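In: For reference, the sequence and a predicted model appear below.
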Amino acid sequence: MLKRLKPSCLTKNQHNNCGFLVRFILLLSILSTASHVQSHSHSNKGTSGLISLTKHATKQHSINDNWGYFENNASSVKELNQRLSSSKYGAWVSLNLPHTWNAFDTVDQTPGYRRSASWYSREIDSSEINQSGRTILYFEGANYETQVYLNNRLVGEHIGGYIGFRFDITDFLNKEQQAVNRLLVRVSNHYNPNLIPSQKSDFFLFGGITRDVWLEHTPNTYITRTAVTTPRVSKTSASTLASVNILADKKAKATLITEIIDAQGKTVAKTSKSLRLSKGDNNAELNLPDISQPTLWSPDSPNLYHLNVQLKIDNQLTHSDSERFGYRWFEMRPHQGFFLNGERVLIRGTHRHEEHAGVGAAVSNEQHRIDMQMIKDMGANFVRLGHYPQDPEVYKAADELGLLIWDELPWCRGGKGGEEWERNTEHQLQAMITQNYNHPSIIFWSLGNEMYWEEDFVGGGADEVINPYLTKLNDMTKALDPHRLTTIRKYYPGWDIVDAFSPSIWAGWYGGSYNQYEEALTKAMKQYPAFLHMEYGGSSHVGRHTETPVTEAGLRGAQVSVEEAVNQAVVRSVAKDTDWNESYIVDLFDWHLNVSESLPNFAGNAQWAFKDFGTPLRPENPLPYMNQKGLVDREGNKKDAYYVFASYWKKEPFCWIESDTWTHRNGPNEGRDVTVFCNTQEAELFLNGESLGKKTKQKGVVPAGGLVWQVPFNEGLNELDVNGFIDNKKVAEDAREITYLVGKHGKFDHIKLTAKALGNNRYLIEAEARDKKGNRVLSYQERVNFFNIGDEGQLRENYGTPTKSSTIEMGSGYAAIEFIAGDKPSTIEFRTQNIKGVYVEVPAASGNTARSMGH
């Protein structure tokens, strides 16, 4: 919640005395200011029609660089300065934003992670100040409670994470030529049950200034927000309504000129309106002429327009704004699925958490874009943002790439709280909608996920408590945006309050078997008129494979229901009682996709989740503190499951031999089955240069559309090659080396520890479990630990990835970790509960060999 020092009715001490007036003013404040920063982010983009506005648009200047960071929970500027004057507490550390202090401690081996406050400091010099107008400080997000000081004066505070906020700092600045203005920001992620998401959520609550920070320059009277609504859209025409908010420093006669520019820079509609501005907030509604034959926005053709607004005062152009938007219409037809622009579209989706290895939630714009591009390249058309609003770059990418978005209020678990909790939750909802209103990619506003689970307040999870409040949130959403669909996931008593609903279906993971998926979908489609399925899949540990995964019949004795049980400890399931091998999850996804791609009237689904992410609730996982359900690891490296989805959805031709990490296999003389996932019509597999035949991919057949060969491997190293064909033309290929052992390896005997040079003084420390004959022991899956003995060099640890974690379970007899060499030789130790030490020496940075020291 944004708290300004002006007007005084919104200050912290007087908030309770303002009653309804505070809520009304706050809503207007959010509508007029909280999201307008996004409208300016596009002002310099696009076509010639936009370039003419640049001179009078809001000037945005990044201030991500040159910050000081002080990891201390001092509660005031006075206490901060006292602690800085003492060597006991340390000093400022230089860094750039975005930043979180939880980048590594969330996934290290020490239980818990830092939940406290820290301070950030930056100097603002005179060149960064607007000398003739207003200077606005804009945070794209800071988690979760923020106080901002300028020149030791409190500018204001904001409560809540994941959403942007801004302060007008003009009156706090010293504008003298050589003056230096000192900005101080206190951010806290301490335990606060009055903030959503719940502390019991299955993801980390990263603290820090986790997104970009900007200074904005505006005139004294300026446009604070332009909301673009498209009430009526068809293939032949589209209507457009612009709602423009203006903050005026005095009364004035003004004119608003509004035009719509298409992708070619052509003006396709234009209107103007005269108005009398009063001092303070003003609003103007402009109906533009309908445009004919609009170029519609869709996943296949993400066509975008710009709406330009010019504000003239006394016939002088004072300020301008530009908003990007798209024309489309959509609906959930009862029991018929999802329709976009009048045509049925099967939702092919995944989920995204906002984090990455080594940086936590402080993800760069470049990485946001990479994530969204990877999702699009896989062939998906939908992303559920779980479980909170995400960085502005994510929505921008979705608009441009053509990805449908489910945006979600962070009401995740915990039940409902009291008045303070309600204020914070409603602010989050209002800000999410107003800030993201103009993005054509957003189709669904989700009001929560598993809200009744693990209540934080006594009785807060009861239906009679949650339902009235969910109704209130739904009504608020419809008042702010009557055109989009509201949703929730996995709160059954409220399914008919919102427009669309997703129950919990985890066929073959938390319960049941994956051959129950079609039955579960069919049942849900009959029960819920507007049903779509969010969250399915399972975890996979990179490099762990088996010749005999659990089949479609399921795990014997497993829970029959496909719904996730609250208490997993009391049920038997694949999730709890198997080893998370990649072989099983490949089969599960293949089955699920075969069902969802062919089920009539199904709206679609979204796999959970695209990338592995950190969680405080899973310390015993094969990768500790990691939710391993991703299609890629936490660093974005593709896991086996990624290629299954690509074989169904990807447009560019490809073939993939299962699997990159299944490099060692045992079996009989006649060999083993090899599965190839392709999106081509045909594929031909070769073993050591000899063709094993060409096969035609068959729709509706699992596994892999029938692209399975019995491969008579030779003892030792084998080479597999596959060519994919469309219309008898080779369009894709893949290759794999596999070491095959006829028969079965012996019992575990020892660990072979080696250091493989990767270049640039980087090494991969590899541990292989072997029998007495030197064969890899594929059944060895112990939890292992890597240590750097001494002070030289550095293990790449606490990243939560398969090769950057010092504690990890072995996958089919193999584990590895990256190491950066130091100025002197280093010794790396390998240890388990039963192995007391195996060692390898890594040379100094100038060397290029490694010597094994233990056995």
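Out: That came through, no problem.

In: Which other helices and strands does the helix or strand harbouring Asp407 contact?
Out: Asp407 belongs to strand 404-408 when elements are defined using DSSP states H and E. Judged by 3 or more Cβ pairs under 8 Å, 6 or more residues apart in numbering; DSSP states H and E, strand 404-408 is in contact with strand 347-352, strand 382-385, helix 392-401, strand 442-449. Where you see a C-beta, it was placed from the backbone N, CA and C, and this is true even at glycine.

In: can you put those in a markdown table and add distance to Ala269 and mean neighbour count?
Out: Shown next, in a markdown table, are the helices and strands packed on strand 404-408 (distance: least, Cβ to Cβ, whole Å; neighbours: other Cβ atoms under 10 Å):
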| stretch | distance to Ala269 | mean neighbour count |
| --- | --- | --- |
| strand 347-352 | 31 | 24 |
| strand 382-385 | 30 | 27 |
| helix 392-401 | 20 | 22 |
| strand 442-449 | 23 | 25 |
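
In: and those as a markdown table, adding mean pLDDT and distance to Cys678?
Out: What follows is those, written out as a markdown table (pLDDT from 0 to 100; distance: least, Cβ to Cβ, whole Å):
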| stretch | mean pLDDT | distance to Cys678 |
| --- | --- | --- |
| strand 347-352 | 98 | 18 |
| strand 382-385 | 98 | 23 |
| helix 392-401 | 98 | 24 |
| strand 442-449 | 98 | 31 |
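
In: what's the closest of these to Leu532?
Out: strand 347-352 (6.0 Å; Cβ to Cβ).

In: in its sheet, what does the closest one sit against?
Out: strand 382-385 (parallel), strand 604-607 (parallel) (DSSP bridges).

In: mind putting the ones you listed in JSON lines, distance to Gln698 included?
Out: Converted to JSON lines, the strands paired with strand 347-352 look like this (distance: least, Cβ to Cβ, whole Å):
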{"stretch": "strand 382-385", "distance to Gln698": "27"}
{"stretch": "strand 604-607", "distance to Gln698": "23"}
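
In: between the ones you listed, which one is nearest to Gly460?
Out: strand 382-385 (24.6 Å).

In: So which residues lie in contact with that closest one, not counting its own?
Out: Contact with strand 382-385 is made by 347-352, 354, 372, 375, 394, 398, 403-408, 446, 534, 604, 606, 610, as judged by Cβ atoms under 8 Å, 6 or more residues apart in numbering.

In: With only the CA atoms kept, save that strand in CSV.
Out: Taking C-alpha atoms only, strand 382-385 is exported to CSV below (Å, rounded to 0.1, in the frame of the first residue of the first chain):
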residue,chain,number,x,y,z
PHE,A,382,-0.2,-19.1,-22.5
VAL,A,383,1.7,-18.3,-19.2
ARG,A,384,0.2,-18.3,-15.8
LEU,A,385,2.2,-15.9,-13.6
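
In: you'd agree Thr425 is in a helix?
Out: Yes: judged by DSSP: H, G, I helix; E, B strand; the rest coil, Thr425 forms part of a helix.

In: For Thr471, see how far away it is.
Out: Counting by Cβ to Cβ, to the nearest Å, the gap from Thr425 to Thr471 is 14 Å.

In: Pick out whichever of these two has more residues nearby.
Out: Ranked by neighbour count (other Cβ atoms under 10 Å), Thr425 and Thr471 place Thr425 first, with 24 against 14.

In: Is it correct that the more buried one is in contact with Trp411?
Out: Yes: counting by Cβ atoms under 8 Å, Thr425 does reach Trp411; the two are 6.3 Å apart.

In: Indicate which one of the strands paired with strand 347-352 is closest to Ala757.
Out: When these are compared by Cβ to Cβ, strand 604-607 sits nearest Ala757, at 37.1 Å.

In: got the buried residues for stretch 106-115?
Out: Along stretch 106-115, these residues count as buried under the neighbour rule (16 or more other Cβ atoms under 10 Å): 106-108, 113-115.

In: Between its first and last residues, how far does that stretch reach?
Out: End-to-end distance of stretch 106-115 (Cα to Cα, to the nearest Å): 10 Å.

In: residues in contact with it?
Out: 101-102, 105, 189-191, 204-207, 360, 614, 616, 619, 624-626, 797-800, 805-807.

In: Quick one, which of those residues are buried?
Out: With burial judged by 16+ other Cβ under 10 Å, the buried subset of the contacts of stretch 106-115 is 101-102, 189, 204-207, 360, 614, 616, 624-626, 797-800, 805-807.
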